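> sequence unavailable; structure follows:
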């Protein structure tokens, strides 16, 4: 293949990143990347295990003279969030990513880059390919389906792991180490639909141009949620017009703040309703943060479909969307970080949908708050005759008072760069919590290269930052 990344070291790390970027690897579509990893291990005579969910585990002996040292485990996930702009033609099931570079940063044209967590895969491959001359025994765990509920880590047989030190490579900042994370749960609401023959005038409303981002890492930045803004618009029309929903589609991932939402509705007068929509949009524009400067709303007459939802069903969709609490729900003021949040990531009401699908993601390091979120959403659904399926719950990861690996990282970073790194917990889910629950004496840190706007088509990776993380890892393994 033709490579575009030049002038950065180690060169083979970036070659591996470009190679895996040519392999479609959305969640539940990891067979191709698993094939690649197994063939990689086979070609180098490395011990390799692949399971039914497409996790891949590879073990490499220590270098000469270090064969009997304690092993170290590196871990990251192979799947990526598959988001694209509406005007981008790309099939995530079959097409390679179209990589490009600007100002020292790598991105994919019109789609997510998959550096979350492709950079982890590339780093582990470079280590296993012999880029480091001196190292202890190395184990690399490539997990699947992380982005849809940490399913790979949950299913993995941890009895294969001998190491009791683990470097997770799923962070997004090269000057810090993560030492704790939130737990979370997914909640899917369904609601039966009653349709009737279309009447009135059809109006298509589109909310676009929002920044979006990761529903944990970016939730505190105040970026608007397209589904929530659509609910606000629809609620006004519900109160002032004879509104009937026909379709409403917004977001595609529960863990991504939705950037776009489109609704087709019936109103008495499309022209009058459009004027109201645009007036509401101007009010909203004055409330948005700078990240959402490209926000737009359009409202235009459309071809009428055959059917629409009846009045009660329309209300039973619009009202929960309007009143559901999302964003930052509680702060931990002692450490100045988000403690509890919720994202309304997906709404799916299509022309032939048998029921509404409305998807939430709740996050907190406290199990009690996750349970409270379940009960609150259940109560909301009960008010409108809907129901929730709560699933993919995973534990948080608590800060360890004693961590030799954390100390080694701090020492290496300080020696290399003459300053102390940032040590922090994050409001996002990492597989560390699940692996720590299975191996309680596992000493863990999470580090990574500088990434921007993950889970959105604006995702970028700073190439020089990848060199920095590699240097830090090499220094830790020398200790």
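Sure, I can see it. Here the structure is a predicted model, which means the values were calculated and not measured.
> domain ranges for the chain?
Domain segmentation of the chain under automatic domain parsing yields 11-181+396-478, 185-394.
> reformat those domains as CSV; add mean pLDDT, mean neighbour count and distance to residue 3.
In short, each C-beta sits where N, CA and C put it, glycine included. As requested, the domains of the chain are exported to CSV (pLDDT from 0 to 100; neighbours: other CB atoms under 10 Å; distance: least, CB to CB, whole Å):
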stretch, mean pLDDT, mean neighbour count, distance to residue 3
domain 11-181+396-478, 96, 19, 5
domain 185-394, 95, 19, 28
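> can you tell me the SS state at residue 24?
What DSSP: H, G, I helix; E, B strand; the rest coil gives for residue 24 is coil.
> quick one: it and residue 32 touch, right?
Yes - using CB atoms under 8 Å, residue 24 is in contact with residue 32, at 6.1 Å.
> overlap of the contact sets of those two?
Common contact partners of residue 24 and residue 32 (CB atoms under 8 Å, 6 or more residues apart in numbering): none.
> hang on, the earlier thing: now the domains of the chain in a markdown table, please, with extra columns for distance to residue 2.
Below are the domains of the chain laid out as a markdown table (distance: least, CB to CB, whole Å):
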| stretch | distance to residue 2 |
| --- | --- |
| domain 11-181+396-478 | 9 |
| domain 185-394 | 30 |
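> which of those sits closest to residue 1?
Of all those, it is domain 11-181+396-478 that lies closest to residue 1, at 6.4 Å by CB to CB.
> for the closest one, the distance to its chain's centre please.
In this view, domain 11-181+396-478 has its centroid 14 Å away from the chain centroid, taken as CA atoms, centre = their mean, to the nearest Å.
> gap between the two ends of that domain?
Length of domain 11-181+396-478, first residue to last, CA to CA, to the nearest Å: 21 Å.
> make 668 the starting number, not 1.
Fine by me, first position is 668 from now on; the one you just mentioned is domain 678-848+1063-1145.
> quick one: terminal-to-terminal distance for stretch 739-753?
End to end - CA to CA - stretch 739-753 spans 43 Å.
> sorry, back to before: between the domains of the chain, which gets nearest to residue 671?
domain 678-848+1063-1145 (6.0 Å).
> touching, residue 839 and residue 1113? I think so.
No - using CB under 8 Å, residue 839 is not in contact with residue 1113, being 9.8 Å away.
> and residue 850, its phi and psi?
phi -90, psi 180 (degrees, to the nearest 10).
> any idea how far it lies from residue 1035?
11 Å (CB to CB, to the nearest Å).
> same check on residue 690?
Relative to residue 1035, and taking CB to CB, residue 690 is found at 41 Å.
> could you do residue 1025 as well?
Separation of residue 1025 from residue 1035 (CB to CB): 24 Å.
> and for residue 848?
Counting by CB to CB - residue 848 and residue 1035 are separated by 17 Å.
> same thing with residue 1060?
13 Å.
> go on, residue 1058?
Using CB to CB, we find residue 1058 at a distance of 19 Å from residue 1035.
> swap in residue 1042?
From residue 1042 across to residue 1035, the span is 11 Å (CB to CB).
> cool, residue 997 as well?
Residue 997 is 11 Å from residue 1035, by CB to CB.
> now do the phi/psi pair for residue 1034.
Dihedral angles (degrees, to the nearest 10) for residue 1034: phi -60, psi -30.
> for it, give me its contacts.
Counting by CB under 8 Å, 6+ apart, residue 1034 has contacts 850, 1062.
> same check on residue 972?
865, 869, 913, 914, 931, 1018.
> list the residues that contact the closest residue to residue 940 other than its chain neighbours.
Excluding the flanking residues, the one nearest residue 940 by CB to CB, 6 or more residues apart in numbering is residue 934, at 4.1 Å. Residues counted as contacts of residue 934 (CB under 8 Å, 6+ apart) are 867, 868, 870, 904, 908, 909, 910, 940.
> can you pull out the helices in the stretch 818-967 of the chain?
Applying DSSP state H, counting those that start in this stretch to the stretch 818-967 of the chain gives helices spanning 818-822, 893-907, 937-952.
> let's have those in a markdown table, adding distance to residue 695.
Converted to a markdown table, the helices of the stretch 818-967 of the chain look like this (distance: least, CB to CB, whole Å):
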| stretch | distance to residue 695 |
| --- | --- |
| helix 818-822 | 9 |
| helix 893-907 | 23 |
| helix 937-952 | 35 |
